[in-house]
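K.L.:
Show me how the following folds:
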Amino acid sequence: MNIFKKKLEDTTPKELNFEPTELFQSLFHKEGYAYLRGIQEEVLNSWHKIRDQRDVLCKMNTGSGKTLVSLLMLYSKMVEGVGPSLYLCPDRQLLEQAKIQAHLYGIPVCEVEYVGQRSVFPDDFLNSKAILLCTFQKLFNSRSIFERDNIDVGSIVLDDAHVCLDIARDATTLLIPFGHDLAKRLLKLFKGDLKYQAPGTYHRLIQGDPYAKILKVPYWSWLSRNDELIELIGEFSEDDELFFKWGLIADDLKSYDCYVGPRGIEIAPAYVPFHNVRAFNEAKHRYILSATFEDQIDLIKDLGIDKDSIKNALIPKDRKDVGQRLILAPQRFDSRITDEQIMALAKDYSKSGINVMVLTPSSERATKWEDIGAKVLQNDSINSDIGKLKEEKGLFYVLVNRYDGVDLNGDMCRVLILDGYPSFSSYEQLYAELRLESVKASLKAQIIEQGLGRAVRSGSDYCTVFLMGKDLLQFVGNKSNLQYFTPVTREQLKLGLSLLDEESKDNTLETIKETANLCLVQDMSWREYHSDILSKIEGDKTDDRILKNLEIADVESKAIDQFRRRDYEGASNLILNDIVDSVDLTSKQRGWYFEKSANYLFLDNAPKSNDLQLKAAQTTSHMLQSKNGHSYTKITANEGQAIQVLHFVKRFETSQDFKMYIESLFENLSFSQDIPHTKFENALAEIGSLIGFYTQEPEAEFGNGPDVLWVMTDQHYLVLEAKSRAIHDVITRDNINQLLGSGEWFKNLYGPAANHNLVTLQPPNIKGWNVNTSENTRVIDEDSLILLKDNLRRFVDGVNNSGFTAATTREIANLLGIHNFTPNGFRTTYLKPVYSKKG
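P.N.:
All right, here's what the predicted structure looks like:
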């Protein structure tokens, strides 16, 4: 007989106290796991005070114990009696970690079970006796078992919510390669609309140019064919790409956008149709946990999370216990340091018994590491390879485009390398990136922050981080981008990026190694200095920029809800009245929202929608061209040349950042078949801005006109056609005919009296026998381009020597004159006549 069991059965069951810290004490913990950490108690007590609130955003640092906190939230609500509790995370690896945590602390959990081929919910979940651990994908798909079994959920936790957001967008986006029958039929359907927008870009896409820009099917064409599209796409609903997606998309196709890019067609939601995932949309409580959210606008727009819960997020008073990260950027300290030298340093660390992890954005970059002995981790073996880091030393691994979901605590990784700037793969994001700079900055900062967090997982952890790649260094070196990082990461970046500025550059690589070693050996001076820096950080606060963005996101969320309810005019007016007319916006933002308002209004009032679209195109570049005529924004030179130069320079935090950016432009400003023409053209436009001229990329921005247009401060225009990938010995007839066509475009818009030169950029300055040029045609050939770059380097050095942002307009004007960058000096020095071929 079990006397204790008998006694228990004779006792009236006692009700559990659902106050979370009290509830924790009632659990059967494993030995050594009987206590909550201070930060966990703080968050749980704060949450308990607002436990009736539906949506709660909780921001806790990686390694601070948020998994246990979120499990206790769910368990508390389950004991309270609100219904089944569901813990969602992005992947199986995190799911296993959550399961381990639950078992250590005695929290009842379960998983979806399988009877034969059929998945079923455990009774303990349905009867609110155990928390269901589940991947986000299992809930967020059109054939979800939650929908199949009509499951109602009491409380949901979204762990690593930033990753879940990406999964939600992927689960409701269709990617159709060009070879697919559906892609062929869609291209045929929208061929005329796409060609009207940008005939040159359309041709490049059809020809398979991997560097062609993204085109968007005009919303009026998309909306007008909604019934036809539902029938067409529905024919392929059993295909792999559509099988788990089409059910979430079909009823919402009007709120989707269609993009054409180098790889095929993307059909993406303007806002994720989360309302079609009933178990999530109707859950009584939703708890969002993440370490890296600074801009949380997508939580509002793509998951429907309440704005006020984000403004009043649960944040521990002290989020500084994040461990030590010494973030160094060798090439920012000394631009002479090469990638190869940093890679060799990483290899040396590995040989000395230190585990090294490299994060790269692409397979191309990863191959370079593989060539020196690093192992590129593949998805099918990643868990076992990561597991080896716990037991072995001196491992040298590379992860490709994986900045989250991998925990590398302690000796698993003491040297972390971020090689290169994270890249967007989504056409929707690439399209927005060109039109809204802040979209790129906030999302990229979040990805970088996730990467930086891989190797420091608790307050006692430490790691040296190396940043490399000019694109990444430019981003973190731009002071306006630092606002998108969490306060602690922001200070760690500032510390590391400026730490060596005053040090000698006689033996920079050795200086970097010695500095990095102070963190790796846990030198007491380093630890005290790092602690002192972090102690001065003010607590998290929601600044005006974030508040403004949250208000805009809330209006957008309400507008798309009205659009989905077919109140098209109401949706359009919300955008106009509550954003365009009520918020301080940049010209790009105003154009963006004029177009969004026009989109919403089209099905209700096409003529008024067209008027709004014209406004959008007149307000800023890169907007869709109205079906009732192209719109173009002329440029003129309004300020002095030296003042414009200073505006350009003030974009950068330090003179080294400025110089590195210019060097990256020079890399793209070269005649080479290996450099995408779009990069050459953008560099050419940026160089014009650098020396104080006003610039534009008409063909890319408006779908017509030259590659680049400069207006100099004497109101003289350069119509620039870049043939950077040309391999001809002479200037060909096709090249000149394209330039002459751009000349006619210019005269039609600016008038025949406007002073201008037609300029072709290509290696030769001699034309073929059958080529006729106008009197004002000039060429920037190989020699001119080399001279231009040499003088630009000297000019940049001169600006830096004059005090960088402290330089005066007089000093800048002198430098412009010395290097022949005044309007007349430029035209005389760098523009050559086109000569005829002799013989």
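
K.L.:
switch to C-alpha atoms for all contacts and neighbour counts from now on
P.N.:
OK.

K.L.:
Would you map out the domains in the chain?
P.N.:
Listed domain ranges for the chain are 18-169+277-311, 173-271, 324-535, 544-619, 641-836 (source: automatic domain parsing).

K.L.:
Show residues contacting stretch 725-736.
P.N.:
The contact list for stretch 725-736 (Cα atoms under 8 Å, 6 or more residues apart in numbering) reads 671-675, 677, 723, 760, 762-768, 770-773, 837.

K.L.:
Pull out the buried residues from it.
P.N.:
Arg725, Ala726, Val730, Ile731, Thr732, Arg733, Asn735, Ile736 (16 or more other Cα atoms under 10 Å).

K.L.:
Just the CA atoms from that stretch would do, formatted as CSV, please.
P.N.:
C-alpha atoms of stretch 725-736 as CSV (Å, rounded to 0.1, in the frame of the first residue of the first chain):
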residue,chain,number,x,y,z
ARG,A,725,29.8,46.4,-69.7
ALA,A,726,30.5,47.2,-73.4
ILE,A,727,33.4,45.2,-74.9
HIS,A,728,33.5,47.0,-78.3
ASP,A,729,36.7,48.6,-79.7
VAL,A,730,34.6,51.5,-80.9
ILE,A,731,31.4,53.3,-80.0
THR,A,732,28.7,51.5,-81.8
ARG,A,733,25.6,52.8,-83.6
ASP,A,734,23.3,51.2,-81.2
ASN,A,735,25.0,52.9,-78.3
ILE,A,736,24.7,56.3,-79.9
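
K.L.:
average pLDDT across it?
P.N.:
In this model, stretch 725-736 has an average pLDDT of 84.

K.L.:
what separates it from the chain centre, distance-wise?
P.N.:
38 Å (Cα atoms, centre = their mean, to the nearest Å).

K.L.:
Can I get the buried ones among the contacts of stretch 725-736 as something I can paste into ChimeraX?
P.N.:
Command for ChimeraX that selects the buried part of the contacts of stretch 725-736, burial taken from 16+ other Cα under 10 Å:
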select :671,672,675,677,723,760,762,763,764,765,766,767,768,771,772,773
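
K.L.:
Reformat the domains of the chain into JSON lines and put distance to Lys317 next to each item.
P.N.:
Shown next, in JSON lines, are the domains of the chain (distance: least, Cα to Cα, whole Å):
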{"stretch": "domain 18-169+277-311", "distance to Lys317": "8"}
{"stretch": "domain 173-271", "distance to Lys317": "33"}
{"stretch": "domain 324-535", "distance to Lys317": "13"}
{"stretch": "domain 544-619", "distance to Lys317": "19"}
{"stretch": "domain 641-836", "distance to Lys317": "30"}
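
K.L.:
what about Gln641, distance to Ser362?
P.N.:
39 Å (Cα to Cα, to the nearest Å).

K.L.:
quick revisit: where among the domains of the chain is average confidence lowest?
P.N.:
Among these, domain 324-535 has the lowest mean pLDDT, at a mean of 86.

K.L.:
now do the same end-to-end measure for that domain.
P.N.:
End-to-end for domain 324-535, by Cα to Cα: 13 Å.

K.L.:
begin at 27 from here
P.N.:
Okay, residue one is now 27; in that scheme the one you just asked about reads as domain 350-561.

K.L.:
where do the strands sit along the stretch 427-576 of the chain?
P.N.:
In the stretch 427-576 of the chain, the segments counted as strands under DSSP state E, counting those that start in this stretch are 441-445, 488-494.

K.L.:
Would you reformat those strands as JSON lines and include distance to Ser524 and mean neighbour count?
P.N.:
Output for the strands of the stretch 427-576 of the chain, formatted as JSON lines (distance: least, Cα to Cα, whole Å; neighbours: other Cα atoms under 10 Å):
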{"stretch": "strand 441-445", "distance to Ser524": "18", "mean neighbour count": "25"}
{"stretch": "strand 488-494", "distance to Ser524": "13", "mean neighbour count": "24"}
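
K.L.:
And those: which comes nearest Glu57?
P.N.:
Nearest to Glu57 among these is strand 488-494 (26.8 Å), distances taken as Cα to Cα.

K.L.:
Which neighbouring elements make contact with the closest one?
P.N.:
With contacts taken as 3 or more Cα pairs under 8 Å, 6 or more residues apart in numbering; DSSP states H and E, strand 488-494 sits against strand 350-354, helix 356-359, strand 441-445, helix 534-546.
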